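Undergrad: Here is my input, please return the structure:
(one chain, ligands or ions: 2)
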Amino acid sequence: MTPPPLIAVAGNPNAGKSALFNALTGARQKVGNYPGVTVERHVGKTILPGGRPVEVVDLPGAYGLDPTSPDEEVTRDVLLGKQAGERLPDALLIVVDASNLDNHLRFTLQLIDLGLPTVVALNMVDLAKRDGLELDAARLQKELGVPVIETVAVRKRGLDPLLAALDELLLSPRLVRAGEGPSHDPLLLQLRARDIAMAAIVSETPVRRLTHRLDGLFLHPVAGPVILAAILFVMFQAVFAWSAPPADALEALVTGLGTWIGGALPDGILRSLIIDGVFAGVGAVIVFLPQILILFLFILLLEGTGYMVRAAFLMDRLMSHAGLSGRAFIPLLSSFACAVPGIMATRTIADPKDRLTTILVAPLMTCSARLPVYTLIIGAFIPARTVGPGIGLQGLVMFALYLAGIIGALLAALVLRRTVVKGGGGAFMMELPKYQMPRLADVALGLWQRAMIFLKRAGGIILTTTVILWALASFPQAGPGQKQSDVSIAGHIADGIHTVVAPIGFNKDISLALLPAMAAREVAVAAIGTVYSLDAEDEGQLQTLEQRMAGRWSLATALAFLAWFVFAPQCISTIAVTRRETNGWKWPLFMVGYLFTLAYIAAGATYWTAVAFGLG
Ligand SMILES: Nc1nc2c(ncn2[C@@H]2O[C@H](COP(=O)(O)OP(=O)(O)OP(=O)(O)O)[C@@H](O)[C@H]2O)c(=O)[nH]1
Ligand SMILES: [Mg+2]
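TA: Ligands and ions are numbered 1, 2, ... in the order given. Prediction:
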């Protein structure tokens, strides 16, 4: 006896699939998703108007055919006829939420491309109407090329025409499968979905209309990436252009406070600890608070408006070329603040190889701890002039450094994917929220949190490391005519490191900063501040840290140092969290190894190129 035709109910999560399934089959039991990989069949029976009995199977909701969870895998396997113990459905009933049309149409388009006989239930039209959204089902039907029936699953409305349409599908001869038809480019799918939704919408609220118009622009295959690059460019220009007044004020405050306390203290060890250790060291880091807050102001605003998800969409394309999963975007994005939460966020990536690759390249995203290092070097060595109308050279260099990190990460992922972490990655889908004005309170809270994180680091790990370094750099004390940085313990350690890094143009001061900067990158700034402050006491000069550096380093050395910091894994917390997330020392050690190698090569290449151009 041949089994009755099988109809699969598919669609995005929360489209109302189970509600419609219940309405069609009269199922009583609470219908849920397939739990995990074990397939629990949720099948009901119904009789079509022509008297033909059919089986209906309720599938777990999914965002696309590239599974990111075991649930979605079941959905894909059933629809491709690959699920063990399940036959290929004879017809497909796609359920879409009418009030969320462009998001749901994306998956619908993929499903239609499968080539199965298909009916679309335009569900939740009651909610759409309530929201002032009027849809033209006939137009949608024309655009999609399959029957579209309006339904309200919970009220059992639209069931008769739906059953009639299914009946007709099963009567007509079966379509030939379209082979590997479905498009896997989320961006193109999104644009197609948006166009179809726009065509089917008769009237909508102004907010929805605005969202549609803006997406046409921001997701445009050419204009979209250009706009994204422009936004990032402006962001880094602003980090320099806007931060000058508050940064100067903060610097004056730190210097003034240091001078005042220094004057009140008797000459000696305690005074040196406070002036050279705390003020010259930690103070040198704290003055970068304005830059960090400006950077996060931009990020928070972009998140709050809903633009960030669009940026993820644009980036997803690029990342899939590098063999990274689109899911990697959010962890990598948070790594711009700090790689530690970024690496922890990779837990949302289901595929273990995708996840490992993302963890391994996360430290290449320019975290905010690099900002003080970059800003200090750029401030000291890159002239504050414009290279075009409104384009500052300093901001341009900063932009280039961030870009170098991103490109480095993509290339590293590409190589890792072909060597140590072989395997395929997949595209992903996410819901695009409406655009909205960011909530001021959220932005303020976000900035406050960033400021606290930064200041806690300054008062914690940076202070501790700087004080230890101060002690190592202060003893033994230099005699008359000797330089403190030559005789101290730290100076001798630096000599050892210097032999390794001298070929890539690093001077002894940098060598001295590299070891304590393993604790955290900002410590490099604090360390140089402390050492120069200790030395300067003998010289009796009153200079800012930038001036002291500009006098001692060549431009080639400064550029090599910047290149080093794009790659160097100088952060104990990142290494520790990698160990925790990968359950062992193998991958953190691999990460440290490949990143230091890259850092060495990048710094060396930069130095020798600069020397060749006469900048040594
Ligand atoms: N107003 C209204 N609510 C609906 C309609 N269809 C479904 N709902 C409600 O929408 C919610 C989601 O419905 P479900 O049937 O659970 O959605 P689903 O597609 O099975 O979701 P997943 O199983 O998570 O993929 C439920 O609270 C339903 O009661 C409709 O046409 N109108
Ligand atoms: Mg369901």
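Undergrad: Could you use CA atoms for every contact and neighbour count after this?
TA: Noted.
Undergrad: Mind telling me which residue of the protein is nearest ligand 2?
TA: At 4.1 Å from ligand 2, residue 18 is the closest residue in the chain, using CA to the ion.
Undergrad: ok, that residue touching residue 56?
TA: No: with contact defined as CA atoms under 8 Å, residue 18 does not reach residue 56; the gap is 10.9 Å.
Undergrad: What strand or helix carries the residue of the chain closest to ligand 2?
TA: In this assignment (DSSP states H and E), residue 18 forms part of helix 17-25.
Undergrad: Check which element follows that helix along the chain.
TA: In N-to-C order, the element after helix 17-25 by DSSP H and E is strand 43-47.
Undergrad: Sheet partners, orientation included, of that next one?
TA: The pairing partners recorded for strand 43-47 under DSSP bridges are strand 53-58 (antiparallel).
Undergrad: Now do the strand it pairs with against helix 17-25, angle only.
TA: Between the axes of strand 53-58 and helix 17-25, defined by axes from the mean of the first three to the mean of the last three CA atoms, to 10 degrees, the angle is 160 degrees.
Undergrad: please begin residue numbering at 622 from this point
TA: OK, 622 is where the count begins now, so the last one is strand 674-679.
Undergrad: Contacts for strand 674-679, please.
TA: Defining contact as CA atoms under 8 Å, 6 or more residues apart in numbering, one finds that strand 674-679 is touched by 625-631, 638-639, 642, 646, 654, 662-669.
Undergrad: hang on, residue 923 is in a strand, isn't it?
TA: No: using DSSP: H, G, I helix; E, B strand; the rest coil, the secondary structure at residue 923 is helix, not a strand.
Undergrad: does the residue nearest to it when sequence neighbours are not counted count as helix, strand or coil?
TA: If the residues on either side of it in the chain are set aside, residue 923 comes closest to residue 929, at 5.5 Å by CA to CA, 6 or more residues apart in numbering. Taking three-state DSSP as the rule, one finds residue 929 in the helix state.
Undergrad: what about residue 929, how many neighbours?
TA: As a burial measure, the neighbour count of residue 929 was computed by other CA atoms under 10 Å and equals 19.
Undergrad: and it, how far is that from residue 1075?
TA: Per CA to CA, to the nearest Å, residue 929 is found 23 Å from residue 1075.
Undergrad: same deal with residue 1107?
TA: With distances taken as CA to CA, residue 1107 is found 32 Å from residue 1075.
Undergrad: With neighbour numbers in mind, choose between the two.
TA: When residue 1107 and residue 1075 are compared on other CA under 10 Å, the one with more neighbours turns out to be residue 1075, at 20 against 17.
Undergrad: give me every residue that touches the more buried one.
TA: The neighbourhood of residue 1075, defined by CA under 8 Å, 6+ apart, consists of residue 910.
Undergrad: any weak-confidence spans in the stretch 1072-1221 of the chain?
TA: The stretch 1072-1221 of the chain contains residues with pLDDT under 70 at 1158-1163.
Undergrad: what stretches of the chain score poorly on pLDDT?
TA: By pLDDT under 70, the low-scoring segments of the chain are 622, 649-662, 689-691, 794-805, 947, 1044-1051, 1158-1163.
Undergrad: Once you drop chain neighbours, what's closest to the residue positioned nearest the centre of the chain?
TA: Centroid-nearest residue in the chain, with CA atoms, centre = their mean: residue 954, separated by 2.0 Å. Distances taken as CA to CA, 6+ apart put residue 963 closest to residue 954, at 7.3 Å, once the chain neighbours are dropped.
Undergrad: Tell me how many other residues crowd the residue in the stretch 872-1021 of the chain that ligand 1 sits nearest to.
TA: Of all residues in the stretch 872-1021 of the chain, residue 969 sits closest to ligand 1, with a separation of 18.1 Å (CA to the nearest ligand atom). Residue 969 has 14 neighbours, counted by other CA under 10 Å.
Undergrad: what's the answer for residue 851, then?
TA: Should you count by other CA under 10 Å, residue 851 turns out to have 11 residues around it.
Undergrad: For it, what is the enclosing helix or strand?
TA: Taking DSSP H and E as the criterion, residue 851 maps to helix 844-862.
Undergrad: Tell me which residues touch the residue nearest to residue 954, please.
TA: The neighbours of residue 963, taking CA under 8 Å, 6+ apart as the test, are 951, 952, 953, 954, 955, 956, 983.
Undergrad: if we can go back for a sec, who does the helix holding residue 639 touch, helix- and strand-wise?
TA: When contacts are defined as 3 or more CA pairs under 8 Å, 6 or more residues apart in numbering; DSSP states H and E, helix 638-646 packs onto strand 627-632, strand 664-668, strand 674-679.
Undergrad: try 6 Å this time
TA: When contacts are defined as 3 or more CA pairs under 6 Å, 6 or more residues apart in numbering; DSSP states H and E, helix 638-646 packs onto strand 664-668.
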